[in-house]
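Colleague: here is my input; please provide its structure:
(2 chains)
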Protein chains: 2
Amino acid sequence: MVTKQFKGSPEDADLTRADSLAREIFSDVANKWAFLIIEFLGERTLRFTELRNEVEGISHKMLTQNLRMLERNGLVERTVHPTVPPRVDYTLTEPGQALRATVNGMCDWTSRYLVDIEASRRRFDA
Amino acid sequence: MVTKQFKGSPEDADLTRADSLAREIFSDVANKWAFLIIEFLGERTLRFTELRNEVEGISHKMLTQNLRMLERNGLVERTVHPTVPPRVDYTLTEPGQALRATVNGMCDWTSRYLVDIEASRRRFDA
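Modeller: Have a look, this model is predicted:
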């Protein structure tokens, strides 16, 4: 919930920080691959190769990059098991699970209103 | 909900379009002013000057820019009443109301996990 009193108040700094973080995170995760990774990991813990099979069409590089981004933000936890060869798996953390619900809300909203928004833009730009 | 089967299928184009639109919209609205405008208009229809009073600290220019962006995307409806002088007011449309719920979800998520995310980034970057 956005604080409505912020000018000059201590909440101002927090709102600005939360605002800029929200923009960063949502611009990081708002890509097809991150959406899909979050979606599959939301169902269960997966190994790199399993994820690669689930997310059809993703390249090794894209999967690595997105997993690192998610791990950096604390949304995915990477665990190395001391087996031979080492087994590495990925789990959605609690913040990641909560983000999944939010991302689903975004996706639902966008697919629901996609046509309306595009029509509105055409009208406005005309 | 993200479609999981998309490579080469007709849903691919839609998912890519929805994905790029989602990124655009959320990057447009993910700013403090747009959040606040959506929040206030979610409560009731407001005139420009009323909005300007409600959203403390917003400049005339920022309010105009954000209202145009929201109007262009069909999230806000601008009505000119044929009075003397003309009265102009702004209403959140149905897509705008639905977005308000989603944006509130994003804000809640971000403020809830702000500290965790920042800590996770510091650990990762160290």
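Colleague: mind listing the strands for chain A?
Modeller: Taking DSSP state E, the strands of chain A run over residues A:46-47, A:76-81, A:87-92.
Colleague: would you map the helices across chain A?
Modeller: Using DSSP state H, the helices of chain A run over A:10-29, A:32-43, A:48-54, A:60-72, A:94-125.
Colleague: redo these as TSV? Include mean neighbour count.
Modeller: Using the backbone N, CA and C atoms, a C-beta is placed for each residue, glycine as well. Putting the helices of chain A into TSV (neighbours: other CB atoms under 10 Å in any protein chain shown) gives the following:
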stretch	mean neighbour count
helix A:10-29	17
helix A:32-43	21
helix A:48-54	15
helix A:60-72	16
helix A:94-125	17
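Colleague: phi, psi of A:Pro85?
Modeller: Main-chain torsions, A:Pro85, degrees, to the nearest 10: phi -70, psi 160.
Colleague: ok, residues contacting stretch A:34-47?
Modeller: Stretch A:34-47 has contacts (CB atoms under 8 Å, 6 or more residues apart in numbering or on different chains) with A:28-29, A:51, A:54-55, A:58, A:63, A:66-67, A:69-70, A:75-76, A:87-92, A:96-97, A:99-100, A:103, A:107, B:2, B:4, B:19.
Colleague: give me the pLDDT value at A:Gln5.
Modeller: On pLDDT, A:Gln5 comes in at 41.
Colleague: which residues of chain A score low on pLDDT?
Modeller: Residue ranges of chain A with pLDDT under 70: A:1-16, A:18-19, A:23, A:26-27, A:30.
Colleague: if I pick the residue nearest to the spatial centre of it, what's in contact with it?
Modeller: In chain A, the residue lying closest to the centroid (CA atoms, centre = their mean) is A:Val29, at 3.4 Å. By CB under 8 Å, 6+ apart, the residues touching A:Val29 are A:35, A:38, A:69-70, A:75, A:99, A:103.
Colleague: how about JSON lines for those residues, with distance to B:Val115 added?
Modeller: JSON lines is the format used below for the contacts of A:Val29 (distance: CB to CB, whole Å):
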{"residue": "A:Phe35", "distance to B:Val115": "25"}
{"residue": "A:Ile38", "distance to B:Val115": "21"}
{"residue": "A:Met69", "distance to B:Val115": "19"}
{"residue": "A:Leu70", "distance to B:Val115": "18"}
{"residue": "A:Leu75", "distance to B:Val115": "14"}
{"residue": "A:Leu99", "distance to B:Val115": "15"}
{"residue": "A:Val103", "distance to B:Val115": "21"}
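Colleague: and the two most separated of these?
Modeller: A:Met69 and A:Val103 (13.9 Å; CB to CB).
Colleague: rewinding a little: could I get the helices of chain A as TSV with distance to B:Gly42?
Modeller: Output for the helices of chain A, formatted as TSV (distance: least, CB to CB, whole Å):
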stretch	distance to B:Gly42
helix A:10-29	17
helix A:32-43	26
helix A:48-54	38
helix A:60-72	31
helix A:94-125	14
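Colleague: could you check how far A:Thr45 is from chain B?
Modeller: 18 Å (CB to the nearest CB, to the nearest Å).
Colleague: typo on my end, A:Ser120
Modeller: For A:Ser120, the distance to chain B equals 3 Å [CB to the nearest CB].
Colleague: can you check A:Ile117 too?
Modeller: 5 Å.
Colleague: ditto for A:Met106
Modeller: For A:Met106 relative to chain B (CB to the nearest CB), the value is 6 Å.
Colleague: kindly report the same for A:Thr102.
Modeller: Applying CB to the nearest CB to A:Thr102 and chain B gives a distance of 5 Å.
Colleague: hang on, that residue packs against B:Val103?
Modeller: No - the pair A:Thr102 / B:Val103 is not scored as a contact, 10.0 Å apart, by CB atoms under 8 Å.
Colleague: sweet, I'm off.
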